[in-house]
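**Q** only the shape, not the letters, is given here:
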């Protein structure tokens, strides 16, 4: 486990909150629909704006992180997430709900291009640091399932948004108080890292973008649909909403530890070989899950989510390996704007697709998308520079 400091603790906690906030709606959508007399598939498109803003907002967030400062942007992240969450909790109808969710997505977009580069900029073991950060992010997904299920059942869906919002505002205060000010924005610091030929850098960026799009589609389809998917496939076995939320939290918690394993492997072995193995394993697992039900399905969902989560650290590891720290937030912002912007279509299409074709077709489609991920990752260069374990030049003590 990386050395714990207030900065690293709050940055990792921010990742958990980022994913928690984006998935509260997916866990509470049935309760919101019941409150407003709407079916959940008809409500899901109203959260599309949040995921579009989550993707497109990464571009200005990354630029401001490099040129203005990552510490300042993280304070904006926590405060904005909390404030927008309270707006969602108070929304009187679907129009204002959609607007508040979109605003939440804009603030949530700050974390990935700003928080992760801030976390790894001083890490001597960036692969493991990224893996640990990924674990905390996915524990946020687990918390969204368990905490939202509990709060919805006992207090209502508005409280499910309000409680984490107040916590995020407390984190904004703690970040401003405990995290030291930056001596200079990253763009004005001395150079760190390696220079690559433009052709190799362009090839890596192309792979990063394509793999991010396909991986983002799979991630959004699963994390936004798993709550309803688990309810359907466990029907007659487990039907209590709180119990289903707990089961989904167990799925996410167990699957999240795959990122720690992957993080260690990235620091020790060629990245392409591991990445290919992880995305290739998703294909048969999605096909198995498409035909499973009951506890057999529960086993398959743990397995395919382990490989979905296990694929997450690779993109950030590639950026750390190939991009100088002075511009990492901008490069991350560019790839996130493309990948999250396109993959947000998954959120828009999820409800109508399931309504029209069912979850079996959805899981089969995810197997096809995972197959494209395999093709994209295979395009990574095989040279020594590409296969070297992730390291950063002039590594300094961890935050």
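**A** Yes, it's here. Computed from a prediction, not measured in an experiment: that's the story for all the values here.

**Q** helix or strand: which one has residue 160?
**A** In this structure, residue 160 sits in helix 157-178 according to DSSP states H and E.

**Q** quick check: mean pLDDT of that helix?
**A** Confidence over helix 157-178 (mean pLDDT, whole number) is 95.

**Q** what comes up buried for that helix?
**A** Taking 16 or more other C-beta atoms under 10 Å as the basis for neighbour counts, the residues of helix 157-178 that come out buried are 157-158, 160-165, 167-169, 171-172, 174-175. Using the backbone N, CA and C atoms, a C-beta is placed for each residue, glycine as well.

**Q** what's the answer for stretch 85-99, then?
**A** Of the residues in stretch 85-99, 85, 86, 87, 88, 89, 91, 97, 98, 99 count as buried by neighbour count, 16+ other C-beta under 10 Å.

**Q** can I get the residues you listed in JSON lines with pLDDT and distance to residue 25?
**A** Conversion of the buried residues of stretch 85-99 to JSON lines gives the following (pLDDT from 0 to 100; distance: C-beta to C-beta, whole Å):
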{"residue": "85", "pLDDT": "95", "distance to residue 25": "11"}
{"residue": "86", "pLDDT": "96", "distance to residue 25": "14"}
{"residue": "87", "pLDDT": "96", "distance to residue 25": "13"}
{"residue": "88", "pLDDT": "94", "distance to residue 25": "8"}
{"residue": "89", "pLDDT": "94", "distance to residue 25": "11"}
{"residue": "91", "pLDDT": "92", "distance to residue 25": "11"}
{"residue": "97", "pLDDT": "92", "distance to residue 25": "9"}
{"residue": "98", "pLDDT": "92", "distance to residue 25": "10"}
{"residue": "99", "pLDDT": "94", "distance to residue 25": "13"}
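
**Q** quickly check those residues for the two that are furthest apart.
**A** Across the buried residues of stretch 85-99, the longest distance by C-beta to C-beta is 16.1 Å; it joins 86 and 98.

**Q** give the contact list for the residue of the chain most remote from its centre.
**A** Farthest-out residue of the chain from its mean C-alpha position, per C-alpha atoms, centre = their mean: residue 236, at 31.5 Å. Going by C-beta atoms under 8 Å, 6 or more residues apart in numbering, residue 236 touches residue 294.

**Q** low pLDDT regions in the protein?
**A** Low-confidence segments of the chain, defined by pLDDT under 70: 1-3, 187, 189-198, 341, 344, 347, 382-399.

**Q** so residue 119 makes contact with residue 11?
**A** Yes - using C-beta atoms under 8 Å, residue 119 makes contact with residue 11 at a distance of 4.7 Å.

**Q** do you know how far the closest residue to residue 348 other than its chain neighbours is from residue 346?
**A** Closest residue in space to residue 348, ignoring its immediate chain neighbours: residue 48 at 4.1 Å, by C-beta to C-beta, 6 or more residues apart in numbering. Shown here: residue 48 relative to residue 346, a distance of 9 Å by C-beta to C-beta, to the nearest Å.

**Q** one more: residue 115?
**A** Taking C-beta to C-beta as the measure, residue 115 falls 23 Å from residue 346.

**Q** with adjacent residues omitted, what lies nearest to residue 380?
**A** Distances taken as C-beta to C-beta, 6+ apart put residue 272 closest to residue 380, at 4.5 Å, once the chain neighbours are dropped.

**Q** so which helix or strand takes in the nearest residue to residue 291 once chain neighbours are set aside?
**A** Counting by C-beta to C-beta, 6+ apart, residue 360 is the residue found nearest to residue 291 once chain neighbours are left out, at 7.3 Å. Secondary-structure element containing residue 360, defined by DSSP H and E: helix 359-377.

**Q** run through who's touching that helix.
**A** Residues outside helix 359-377 that contact it (C-beta under 8 Å, 6+ apart): 207, 210-211, 214-215, 217-218, 221-222, 225, 228-229, 232-233, 272, 275-276, 279-280, 282-284, 286-287, 289-291, 311, 350, 353-354.

**Q** for ChimeraX, what selects the buried ones among these?
**A** This is how ChimeraX selects the buried members of the contacts of helix 359-377, with burial counted by 16+ other C-beta under 10 Å:
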select :207,210,211,214,215,217,218,221,222,225,228,229,233,272,275,276,279,280,282,283,286,287,289,290,311,350,353,354
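
**Q** biggest helix in the chain by residues?
**A** The single longest helix within the chain, with elements called by DSSP state H, is helix 198-233.

**Q** tell me the angle of it relative to helix 359-377?
**A** Following axes from the mean of the first three to the mean of the last three C-alpha atoms, to 10 degrees, one obtains 160 degrees for the angle between helix 198-233 and helix 359-377.

**Q** list the contacts for residue 213?
**A** Going by C-beta under 8 Å, 6+ apart, residue 213 touches 338, 339, 342, 343.
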